[in-house]
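>>> Coordinates for the following, if possible.
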Amino acid sequence: MCSGGFAKCLGITLLPLAVLCLLCNILLFFPGGKVAEKSEDITDEVFYLAGIIGSGVLMVFPALVFLGLKNNDCCGCCGNESCGKRFAMFGSIIFAAVGVLGAGYSVIVSSVAINHGPKCFTDDVNVTYPFGNGDYLSNHSMWDRCLKPVDIVTWHLTLFSILMVASLVQVGLCLFQVINGLIGTICGDCCGCCGGSD
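Modelled structure (predicted):
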């Protein structure tokens, strides 16, 4: 498979992951699936917008560039048509690096949020973080400390875990494109240095 075709497959995969991350972050603004009375009732890491900016919007740019590489009809340079295609593959490395940074940011924020735990009502008045250092992850009896919103711990863990896993997949796909882009830059779009034609 040509490096441009492989990049198109990566782009097709990155777009739904970006939408998934965007939706997870939006849903986290509604603790337990309910509208929060005040913004202080929402976990702080939600406002870092890791799923919206990092794995969402910043991932759309690399995905669109990767999608366009298959049909890239570069005019070339110095009379060499493959030079333009190689430059396009080199440009995809830069966009892949942007994708790695955005998704990496999302992985870090999600990991911190999972370790930190959700913000919830421990009584009828106080909204706080009842867990520390991820100790609640292995001790489900601690989850009863959160009185409201109902099932906030499950909500928090599920959405941040999905966000983290999807972001890790995005990092992996963008790293694949860095390697693919290097091969496309050095060898040309269809493995010209391997004996094929550019």
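
>>> And for the nearest residue to residue 128 once chain neighbours are set aside, the neighbour number?
Counting by C-beta to C-beta, 6 or more residues apart in numbering, the nearest residue to residue 128 once its immediate chain neighbours are dropped is residue 122, at 5.7 Å. Using the backbone N, CA and C atoms, a C-beta is placed for each residue, glycine as well. If you count neighbours by other C-beta atoms under 10 Å, residue 122 ends up with 15.

>>> correct me, but residue 122 touches residue 130?
Yes: proximity of residue 122 to residue 130 meets the contact threshold set by C-beta atoms under 8 Å, at 5.2 Å.

>>> Overlap in contacts, these two.
145-146 (C-beta atoms under 8 Å, 6 or more residues apart in numbering).

>>> what about residue 182, distance to residue 61?
Residue 182 sits 19 Å away from residue 61, taking C-beta to C-beta, to the nearest Å as the criterion.

>>> oh, I was asking about residue 25
Residue 25 is 18 Å from residue 61, by C-beta to C-beta.

>>> Can you show me the helices along this structure?
According to DSSP state H, the chain carries its helices in the segments 3-28, 58-69, 81-116, 152-187.

>>> neighbouring contacts of stretch 47-55?
By C-beta under 8 Å, 6+ apart, stretch 47-55 touches 17-18, 21-26, 28, 39, 102-106, 108-110, 163, 166-167, 170.

>>> Give me the buried subset of those residues.
For the contacts of stretch 47-55, a burial check counting by 16 or more other C-beta atoms under 10 Å picks out 17-18, 21-25, 28, 102-106, 108-110, 163, 166-167, 170.

>>> which residues touch the closest residue to residue 61 other than its chain neighbours?
Of all residues not flanking residue 61 in the chain, residue 95 sits nearest, at 6.0 Å (C-beta to C-beta, 6+ apart). Residues in contact with residue 95 (C-beta under 8 Å, 6+ apart) are 61-62, 65-66.
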